[in-house]
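>>> Sharing a sequence plus its predicted fold:
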Amino acid sequence: MSKRIERTDDFAFRREHLQALSDAELKTYFWQLANQTIEPLVALAKHHTSPSIERSVLMRMGFSSIESKQIVDRLLPLQLLKKGAGGVVYRKHLLTNLPIREAGLALLEEHGVDDVILFYGGSHEAK
C-alpha cells in the first residue's frame, strides 16, 4: 500500500563545483562550511548563559550544588550573571585576595557583592 516516490539522482549535478578541487582544497572547503554552520552556535554561547550553566561552572570550581544555587540566585537579580558566575567569583578573589572558595561564599554576605558591582560599573540599586 505504500507508494514509493522515485528520487531523481542529482548527485553528479550537485558535485560539479567540487570536481576540480584537490584533496587539500576539499578539506579547506569542508572546514569553511563547518565553521559557517557553527558560527551562530558559538555566538549564542558567547553572549547568552543560564542559571543552570552558571551553577554547573561553579560546581566545577568546587562549590556544592546548594552553594552554587545560592551564589547564582544572589547574582541573578544584580544582573551580574551575564559576567559569568565563575568570572564574578574570580573577580571577587582578585579584589579581596581571598581564596576562590571563600571569595564565592563571601558574595553571599550582605555587602559581599559591593566591590564586584563597583568593579563592573553597576549600581547598588538592584539589591
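Yep, that arrived.
>>> Report the residue ranges of every domain in this protein.
Domain assignment for the chain, taken from automatic domain parsing, gives 19-47, 51-126.
>>> Tell me which of the ones you listed is the most buried.
Among these, domain 51-126 has the highest mean neighbour count (mean count of other CB atoms under 10 Å), at a mean of 16. The way it works is simple: take the backbone N, C-alpha and C, and place the C-beta from them, glycine included.
>>> and that one, average pLDDT?
The pLDDT scores in domain 51-126 average 92.
>>> Do a quick rundown of the strands in the protein.
Secondary structure of the chain (DSSP state E): no strands present.
>>> one step back: now distance to Thr8 too, for the domains of the chain, in a markdown table please.
Converted to a markdown table, the domains of the chain look like this (distance: least, CB to CB, whole Å):
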| stretch | distance to Thr8 |
| --- | --- |
| domain 19-47 | 20 |
| domain 51-126 | 45 |
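>>> Tell me which of those lies nearest to Lys3.
Nearest to Lys3 among these is domain 19-47 (33.8 Å), distances taken as CB to CB.
>>> how far does the closest one sit from the chain's center?
Offset of domain 19-47 from its chain centre (CA atoms, centre = their mean, to the nearest Å): 21 Å.
>>> can you check stretch 50-69 too?
Chain-centre distance of stretch 50-69: 14 Å, with CA atoms, centre = their mean.
>>> same thing with stretch 108-119?
23 Å.
>>> how about the helices in this protein?
Residue ranges of the helices in the chain, as given by DSSP state H, are 11-14, 23-47, 51-60, 65-75, 85-96, 100-106, 114-119.
>>> can you count the residues close to Asp9?
Neighbour count of Asp9, defined by other CB atoms under 10 Å: 8.
>>> do the same with the one 4 residues further on
For Phe13, the tally of surrounding residues (other CB under 10 Å) stands at 9.
>>> picking that back up, could you export the helices of the chain as CSV, including distance to Ile5?
Shown next, in CSV, are the helices of the chain (distance: least, CB to CB, whole Å):
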stretch, distance to Ile5
helix 11-14, 17
helix 23-47, 28
helix 51-60, 44
helix 65-75, 52
helix 85-96, 52
helix 100-106, 60
helix 114-119, 62
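>>> Fine by me, we can end here.
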